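> Sharing a sequence plus its predicted fold:
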Amino acid sequence: FSRARSCKAPHSMIPAALRAQAGAQPLRRHASSWLSMIRRSQGGIQPGKTRPALPVPEHIVRPPYAETGDPGAAMPAAVVLSEEQTEAMVHATALARDVLDLAGTLVMPGVQTCDLDDQLHQAIIARNGYPSPLNYRGFPRSNCISVNEIVCHGIPDDRPLEDGDVVSIDVSCFLNGVHGDTCRTFYVGEPDDETRHLVRTTKRALDAAIAICGPGVPVSEIGEVIERVANKAGLGTVREFVGHGIGPTFHTRPQVFHFAGSRSTEVLQAGTCFTIEPMLTAGSPKVTLWRDGWTVATADRKRSAQFEHTLRVTESGVEVLTAYDREFEEDAGANRLA
């Protein structure tokens, strides 16, 4: 769940400039309807109908903002985690990773993203977790599901996924007092060459950024690496959203910029956790905000991809807490782990 860079507004994660523009069961597969054909003829993704998120059982421990929607301070300082909190992070991130693995088995043509969100919600609460995005600053669903040109914060709705789509699923879980956060872009059916290039490069940019991380490393170097990979591949780098520190609080310092020249003076600190979550585009990196106040899309309607890991800074490097059980470097967007 990406953090808007330098956001101070109490009611939104979106920068002011964008606001101004303003045990799983098989999922039911829906045939393409006249409405989806209209959407395609209009070009790009159109807003669909959504519904309220499923309830969270009373016994599930909730983050402080769950009832009010207000997470408090815009972006507090990074926290060096205790041994107990570090262990809790292992479990929270494992839950997020496992639920994202489940998502990969459910992505297929005909599946509505609101039905997919329901299944992931059920998987989170089945392991006593709380879906972190739910009511965070009023976000209405449990996971961010962003299709094609939707860059981030897509609200699950009734639009069926279609063959050739690409979908980014961002899963965040609150468990044992801490948050885990991860995202991956999946192919729906068979991707075209441009989509495959976009997805593979985004994963490669994340991996390259992780490789240079460790205690004392300037946060600005992360963005330098990511933009270098993107530029070499002819892709755009979204600048409006950042990675972030994470732990008992969903979003803390440092702000992890994904582009070069951020002028950040922050450095990575041993004992803290943070996310890297680059969003690359097949065209211009400029974005627009939908009227729902959440959904962010590329301005030129070119496709976007995102990968995210939660990492712990150790004394000698970093540990990828949301690392995949099986790597799939040659098919980064495959929708099943084989």
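That came through fine.
> Mind checking which residue lies nearest the centre of the chain?
Geometric centre of the chain, nearest residue: Asp170, 3.4 Å, by Cα atoms, centre = their mean.
> Who are the contact partners of that one?
Going by Cβ atoms under 8 Å, 6 or more residues apart in numbering, Asp170 touches 1-2, 133, 143-146, 152, 181-183, 306, 308. Any C-beta I mention is one placed from the backbone N, CA and C, and that applies to glycine too.
> I'd assumed it was in a strand, is it?
Yes. Asp170 sits within a strand when classified using DSSP: H, G, I helix; E, B strand; the rest coil.
> in the sheet, who's paired with it?
Assessed by DSSP bridges, Asp170 has beta-bridge partners Cys144, Cys183.
> So for it, what's the pLDDT?
Looking at Asp170, its pLDDT is 99.
> And Pro133, by the same measure?
For Pro133, pLDDT reads 99.
> distance of the closest residue to it other than its chain neighbours from Asp193?
Closest residue to Pro133 apart from its sequence neighbours, by Cβ to Cβ, 6 or more residues apart in numbering: Phe139 at 4.8 Å. Distance of Phe139 to Asp193, computed by Cβ to Cβ, to the nearest Å: 34 Å.
> Those two: who's more crowded?
Higher neighbour count among Phe139 and Asp193: Phe139, with 22 against 7, using other Cβ atoms under 10 Å.
> wait, doesn't that one sit right on Asp292?
No. In this structure Phe139 lies outside contact range of Asp292 using Cβ atoms under 8 Å: 10.2 Å.
> residues shared between the contacts of the two?
Overlap of the contact sets of Phe139 and Asp292 (by Cβ under 8 Å, 6+ apart) consists of Ile155.
> how much space is there between the residue nearest to the centre of the chain and Glu84?
For Asp170 relative to Glu84 (Cβ to Cβ), the value is 27 Å.
> May I ask you to name the longest helix in this protein?
helix 83-106 (DSSP state H).
> Report the buried residues of that helix.
For helix 83-106, a neighbour-count test (16 or more other Cβ atoms under 10 Å) marks 85-86, 88-89, 91-104, 106 as buried.
> likewise stretch 164-180?
Under the neighbour-count criterion of 16+ other Cβ under 10 Å, stretch 164-180 has 165-176, 178-180 buried.
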